[in-house]
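# Predicted model follows, preceded by the sequence.
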Amino acid sequence: MPGYKPRKAQVQGRLRLIEGQIRGVQKMVDDDRYCIDVLTQVGAVKAALDAVALLLLQDHTEHCLVEAIQAGDGRTKVRELNEAVERLVKGH
């Protein structure tokens with residue numbers, strides 16, 4: 001079971017809002033809006049995605065990682081978490 005399952009509706013809601021923000025940015029470009037205004041909205045989308053990522057990381061550490069440590073498989077999960085954070089920070 002994913003660690004975010006108890007907050008799945010919250011994660012889905014945030015992603016739907018981000019989807020709406022993306023459509024708004026597309027419309028801004030379609031409407032030839034000022035570059036800085038578009039960039040401002042792109043920054044808002046990135047911040048919203050970062051908030052979802054932090055929520056997922058929090059749930060992962062509080063549930064999946066804790067369970068793995070209790071089961072004696074902590075090293076693998078810690079390495080997995082570190083790799084995920086590295087990909088997130090690097091943008092891959």
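Looks like it arrived, so ask away. Numbering: from 1, shown residues only.
# right, and the helix or strand after the one helix or strand L54 maps to?
According to DSSP states H and E, L54 maps onto helix 35-59. Downstream of helix 35-59, the next assigned helix or strand under DSSP H and E is helix 66-70.
# Just the residues contacting the first helix or strand past that next one going along the chain, thanks.
Using DSSP H and E, the helix or strand that follows helix 66-70 in sequence is helix 74-90. Here helix 74-90 makes contact (C-beta atoms under 8 Å, 6 or more residues apart in numbering) with 53, 57, 60-61, 64-65, 68-69. The C-beta positions use only the backbone N, C-alpha and C, and glycine is treated the same way.
# Would you quantify the distance from the closest residue to I69 other than its chain neighbours to L56?
Nearest residue to I69 in three dimensions, chain neighbours excluded: K77, at 7.2 Å (C-beta to C-beta, 6 or more residues apart in numbering). In this structure, K77 and L56 are 14 Å apart, going by C-beta to C-beta, to the nearest Å.
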